[in-house]
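Trainee: Mind looking at a prediction? Sequence and model below.
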Amino acid sequence: MTDEQQQYWDEMLSDNPEMFGDEPSFPAQEAMKIFKKEGKTVVLELGGGQGRDTLYFARHGLNVSVVDYARSAVSTIATKIQQFGLSSHVQAIHHDVRTTLPFADGVFDIVYSHMLFCMALKTTEMEFLFAEVLRVLKPGGLNIYTVRNTCDIHYRAGIHREEDMFEVGGFVVHFFSADKVKHLSQGYALEGIEEFEEGELPRKLYFVKLRKLSTRGHIERNRSY
């Protein structure tokens, strides 16, 4: 199913080069406040799409590695970073997140993703990916992500695929409960789950902030909210 979605996204992004617009997403703007406050500068973005958040981070002086499984997305980002003179701040890589991330251990201050985890990924595939994110983060590094949640209007709508995945208009969405967020936080301190809305429906999402546990155990794990 993920392979079918890959082709679908590739075609959609290729046919609609400004599908998501040029303005940074609300989560990217909120994440930037955290990055500035903590002095975080080295970012891995998972699922960069057409690069609106990638460019926003780079324009604020962050060094960004961005991966996407749609070749058209990577091509679009590569074109934009050259167009805006940001090549020294961004590297765009074609990669399937179901496989080992192409980076060494402990190299990123931040891993950021806006709705990448609610793609057509099984829970077992996400467990693998979250472990990979943990591997490439520095101790105390942040995993900040957003996902559509089970209060969303499209939850249980459309065609049920498997687990909490439903297909609406050709797109398969994996919806997250708060319990799933907590389940995937193994090895992290869960520092926040905030609800927000986006788009015209509007979509209902979680903004999740995880911190990699330090080797000295100074970070409290799985706080209650």
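Mentor: Perfect, I can see it now. Residues are numbered from 1 along each chain as shown.

Trainee: When you work out contacts or count neighbours from here on, use the C-alpha atoms and nothing else.
Mentor: Noted.

Trainee: What strands line up against the helix or strand encompassing Asn143, and which way round?
Mentor: Per DSSP states H and E, Asn143 falls inside strand 137-148. Here strand 137-148 has these sheet partners by DSSP bridges: strand 108-114 (parallel), strand 203-212 (antiparallel).

Trainee: Show me what the helix or strand following it packs onto, helices and strands only.
Mentor: On the C-terminal side of strand 137-148, the nearest following helix or strand under DSSP H and E is strand 159-162. Packing partners of strand 159-162 (3 or more CA pairs under 8 Å, 6 or more residues apart in numbering; DSSP states H and E): strand 165-168.

Trainee: Outside of the strand it packs on itself, which residues are in contact with it?
Mentor: 120, 154-161, 172-175 (CA atoms under 8 Å, 6 or more residues apart in numbering).

Trainee: list the buried ones in the helix or strand following that strand?
Mentor: Downstream of strand 165-168, the first helix or strand assigned by DSSP H and E is strand 171-174. Counting neighbours by 16 or more other CA atoms under 10 Å, one finds that the buried residues in strand 171-174 are 172-174.

Trainee: wait, isn't Pro27 in contact with Thr146?
Mentor: Yes. Pro27 is in contact with Thr146 according to CA atoms under 8 Å; the separation is 7.4 Å.

Trainee: Between those two, which has more neighbouring residues?
Mentor: More crowded of Pro27 and Thr146, by other CA atoms under 10 Å: Thr146, with 24 against 20.

Trainee: Okay, that one and Pro102: tell me how far apart.
Mentor: 22 Å (CA to CA, to the nearest Å).
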